[in-house]
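Chemist: Everything below, folded, please.
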Amino acid sequence: MTIKIKKQAAETGLRRKVEEMSGVDLSLCYQCKKCTCGCPVAKLSQSPPSEIVRRLQLGAGNELLENDHIWLCLSCETCYSRCPMQINVASVIDALRTLTLARKTSLPRGNSPLFNRTFLKAVETYGRSYDLLAIMQYKLGGGNLTQDVEKFPTMLKKGKMAILPPSGADKKTVKQIFKKAQQHKGSGK
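Modeler: Numbering: from 1, shown residues only. Purely as a prediction, here's the structure:
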């Protein structure tokens with residue numbers, strides 16, 4: 001597969017910015033592709049993790065911020081656990097997401113940023129995932145409240161979704177995690 005990279009003077013700092021935000025030295029990657037072999041969404045995206053790292057190494061510009069993989073990535077860190085050089089590709093992807101949102105580059109199909117925000121807000125509030133709240137906020141934010149509503153009774157009946165919020169989570173610890181993440185936002189820590 002041929003990789004086309006548009007290198008322009010204004011975009012040469014993308015790699016440096018990503019390395020600074022993620023705390024990852026991309027020059028350590030020698031393209032063994034173990035990250036891509038383990039990635040559960042690599043086959044679904046335009047560019048697998050190893051290709052994204054390689055594009056950054058070669059001086060990719062804003063076209064990388066339009067890549068669908070940065071929104072498909074599950075942040076499961078399988079790539080990180082498989083990497084012999086301990087390159088945290090999930091952190092690199094997070095930095096690319098942050099830059100995409102900051103630059104208002106084209107967003108993905110659907111609304112992954114809205115989904116991420118609503119899901120994380122539910123986790124921050126209840127200490128764990130509360131699907132009903134996250135789905136309602138996502139549907140309200142996206143303006144498609146009635147889409148898929150016919151599936152809700154079946155999900156309730158099969159026990160796939162709870163009406164009441166979850167209990168038993170250590171909310172205090174989760175709030176501390178979110179507070180610390182907010183303090184270090186964009187620093188790669």
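
Chemist: How many residues are close by F115?
Modeler: Counted with other C-beta atoms under 10 Å, residues neighbouring F115 total 18. All C-beta spots, glycine's among them, are computed from the backbone N, C-alpha and C.

Chemist: So it is in contact with Q137, correct?
Modeler: No - contact criterion C-beta atoms under 8 Å: F115 and Q137 do not qualify, at 9.4 Å.

Chemist: From the chain's centroid, how far away is stretch 119-133?
Modeler: Centroid displacement of stretch 119-133 relative to its chain, using C-alpha atoms, centre = their mean, to the nearest Å, is 17 Å.

Chemist: Pull out the buried residues from it.
Modeler: Neighbour-count burial for stretch 119-133 flags F119, A122, V123, E124, T125, Y126, G127, Y130, L132, L133 (criterion: 16 or more other C-beta atoms under 10 Å).

Chemist: any idea how far I163 is from the residue of the chain positioned farthest from its centre?
Modeler: In the chain, the residue that sits farthest from the middle, by C-alpha atoms, centre = their mean, is K157; the gap is 31.1 Å. As judged by C-beta to C-beta, to the nearest Å, K157 and I163 stand 12 Å apart.

Chemist: Show me how the protein divides into domains.
Modeler: Structural domains assigned to the chain are 9-103, 112-182, following automatic domain parsing.

Chemist: Confidence-wise, which of those is weakest overall?
Modeler: Among the domains of the chain, domain 112-182 has the lowest mean pLDDT, at a mean of 84.

Chemist: Count residues in the vicinity of W71, would you?
Modeler: 21.

Chemist: ugh, wrong one, C76
Modeler: 13.

Chemist: pretty sure C37 contacts R82?
Modeler: Yes - C37 lies in contact with R82 (C-beta under 8 Å); the separation is 7.2 Å.
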